[in-house]
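> Got a predicted structure here, sequence first:
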Amino acid sequence: MFYPKNVPVWERTVRIVIGIVLVITALADQALFGTPSLLRIVLLIGSALFLVVTGFIGWCPACAMIGRKIKQKQS
């Protein structure tokens, strides 16, 4: 792997679930908010894409910028 994982497994799962919810919200934009807004749809799908991708690969650039690391289990 190119980058060390900096997102724990539980958080990866949460990121994927929230990303799926954001996609559903974007697809149901007109039913939920009335008038559809292209900007709102693009922002929701962009946020969802970021969360799902970082959830699947286990590495987040924002977490890396602040120096977050996963504690390694000692054997």
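That came in fine, so what should we check first?
> Output the below-cut-off pLDDT ranges for this protein.
Within the chain, the stretches with pLDDT under 70 are 1, 73-75.
> Just give me the residue closest to the centre of it.
With distances taken as Cα atoms, centre = their mean, residue 51 lies nearest the centre of the chain, 1.0 Å away.
> Remind me which helix or strand that residue belongs to.
Element membership of residue 51 [criterion: DSSP states H and E] is helix 38-57.
> Pull out the buried residues from the helix or strand that comes right after that helix.
Moving toward the C-terminus from helix 38-57, the first helix or strand encountered (DSSP H and E) is helix 61-65. Buried positions in helix 61-65, judged by neighbour count with 16 or more other Cβ atoms under 10 Å: residue 63. For glycine as for every other residue, the C-beta is placed from the backbone atoms N, C-alpha and C.
> separation between the closest residue to residue 25 other than its chain neighbours and residue 24?
Spatially, and ignoring its direct neighbours in sequence, residue 25 is nearest to residue 44 (5.7 Å; Cβ to Cβ, 6 or more residues apart in numbering). In this view, residue 44 and residue 24 are 9 Å apart by Cβ to Cβ, to the nearest Å.
> neighbour count winner among those two?
Between residue 44 and residue 24, counting by other Cβ atoms under 10 Å, residue 44 is the more crowded of the two (20 against 12).
> and that one, what is it in contact with?
Contacts for residue 44 (Cβ atoms under 8 Å, 6 or more residues apart in numbering) come out as 22, 23, 25, 26, 29.
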